[in-house]
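J.: Predicted model and sequence follow; I will ask about them next.
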Amino acid sequence: MNIKEKDSLYIANTYARFPIELQSGKGSYVYDTEGKEYIDLGTGIAVNTFGVSDEKWVNAVTTQLNTLQHTSNLYYSKPCAELAEMLCTRTGMKKVFFSNSGAEANECAIKVARKYAAEKKCSDCYKIVTLKNSFHGRTVTTLAATGQDVFHKDFLPLTEGFLYCEANNIAELTEIAENNKIAAIMFECVQGEGGVLPLTPEFVKAIFDLAEKHDILTIADEVQTGNGRTGKLYGFMNYGVTPDIVSTAKGLGGGLPLGATMLGEKVKDVLKAGDHGSTFGGNPVACAGAANILSRIDDELLNGVVRKSKYIVEKLSGAKGIKSVTGMGLMLGIETVKDASEVITECRNNGVLVIKAKSKVRLLPALNIPDELLEKAVEVIINACKEC
Ligand SMILES: *Cc1c(COP(=O)(O)O)cnc(C)c1O
């Protein structure tokens, strides 16, 4: 049996895979088992922040791997504490809970919001407002938070207590906030899975104004937008706001599973011993790698993200077969005249890996992708979007 056959026989059918098997890579290049070379603009869905087998990250990870691979949270551990310090110093947040994925990071955010509201507001102030078209994860609770019915339909009943508001609709948000007992408003600065759609500055301001007025917590889901992706360390920093809770994952670990829920001043002491936990959370190997990643997301790198983003947007905007380009930093969505899947296939055939977000082509390149590779890849995308 070849790998494709084994996969379809033994792996649960949850993924519609592209028809290639990736074997290795270096930086922004990846190679399949037939030796074909690709420029990777997907980075395993915004995970491989510095591309594949990045030397400094591999060193940080392997050094820790050869020292101590796992401790459990029964003991103190240096990589975990140092990464938490780094995250707090860089964001102004006060404490961090570590987990292993975006869904878990959001799950923790939701638990903190519920506990805070129950203790500080009222026992039935548990409702959380999320946005339509959002994506917050696949657990039963983060699915409930996800404002898209397509993900809900086969898994009812979901965790109750979520209200959905149209993104960028200030009137609707105001109406919801003023007429319900709300614990928190949860949002992605740029809706990733929803089609790479940024929130307007006015809407983000309205979230924070309403939050202040009604003692509502703000939760920024930075699982995809975080860790340099939007051109700032975290997406909320583009909006000049300070959320009470920030969740992140994907690019933080640079390729190893790691989630983090950062807690601001208001909520830093909500969780007490025994309130929450994770066996693998804060794993020393993942944390050592993440500390390396985070230390390298500096102004120079972020300026590069902004510059590369501008280059892509300028090249693609108005090109034949391209209706619009949305997003922020190196998180971009292309609305194409042709079916997005067709464009993705054509790009792949021509050596460029891009992925989908709803009906759009989504680009999530490594933050350090060399200019020459980006230029080449953009040419391939432009050609793939042209109608014959
Ligand atoms: C990917 C994603 C998640 C879920 O992360 P997992 O690691 O797959 O659990 C949650 N929120 C956002 C915004 C995401 O992009």
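T.: Noted; the coordinates are in hand. What you see is a predicted model; the values in this text were computed from it and never measured.

J.: For this protein, which residue gets nearest to the ligand?
T.: Relative to the ligand, the nearest point of the chain is Gly102 (2.3 Å; C-beta to the nearest ligand atom). (C-beta placed from N, C-alpha, C; glycine too.)

J.: Confirm for me that that residue is in contact with Ser247.
T.: Yes. Between Gly102 and Ser247 there is a contact at 7.0 Å, judged by C-beta atoms under 8 Å.

J.: Of those two, give the one with the bigger neighbour count.
T.: Ser247 (31 against 28; other C-beta atoms under 10 Å).

J.: In terms of helices and strands, where is the more buried one?
T.: According to DSSP states H and E, Ser247 maps onto strand 245-248.

J.: go on, Cys88?
T.: helix 78-91.

J.: contact partners of that helix?
T.: 64, 93-96, 98, 233-234, 246, 260, 262, 282-285, 287-288, 290-291, 294-295 (C-beta atoms under 8 Å, 6 or more residues apart in numbering).

J.: Got a PyMOL select line for the buried ones in those?
T.: Typed into PyMOL, the line below selects the buried ones among the contacts of helix 78-91, using 16 or more other C-beta atoms under 10 Å:
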select buried, resi 64+93+95+96+98+233+234+246+260+262+282+283+284+285+287+288+290+291+294
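
J.: Now do the closest residue to Gly231 other than its chain neighbours against Ser309, distance only.
T.: What sits nearest to Gly231 in space, not counting adjacent residues and going by C-beta to C-beta, 6 or more residues apart in numbering, is Gly329, at 3.6 Å. Look at Gly329 and Ser309: by C-beta to C-beta, to the nearest Å, they are 5 Å apart.

J.: shared neighbours of these two, anything?
T.: Common contacts of Gly329 and Ser309, defined by C-beta under 8 Å, 6+ apart, comprise Gly231.

J.: Would you indicate which residues of stretch 28-43 are buried?
T.: Buried-residue list, stretch 28-43, by 16+ other C-beta under 10 Å: Ser28, Tyr29, Val30, Tyr31, Asp32, Tyr38, Ile39, Asp40, Leu41, Gly42, Thr43.

J.: Between the two ends of it, what distance do you get?
T.: One end of stretch 28-43 to the other measures 8 Å (C-alpha to C-alpha, to the nearest Å).

J.: please begin residue numbering at 758 from this point
T.: Done: numbering now begins at 758, and the last item shifts to stretch 785-800.

J.: how far does it sit from the chain's center?
T.: Relative to the centre of its chain, stretch 785-800 is centred 22 Å away, using C-alpha atoms, centre = their mean, to the nearest Å.

J.: you'd agree Leu1028 is in a helix?
T.: No. Assigned with DSSP: H, G, I helix; E, B strand; the rest coil, Leu1028 falls outside any helix and is coil.

J.: That one and Phe854 touch, don't they?
T.: Yes. The pair Leu1028 / Phe854 is scored as a contact, 6.8 Å apart, by C-beta under 8 Å.

J.: Now for those two: what residues contact both?
T.: Leu1020.

J.: What residues does the stretch 808-957 of the chain have near the ligand?
T.: The stretch 808-957 of the chain has residues Ser858, Gly859, Ala860, Asn863, Phe892, His893, Gly894, Glu945, Gly949, Glu950 near the ligand, with proximity defined as C-beta under 6 Å from any ligand atom.
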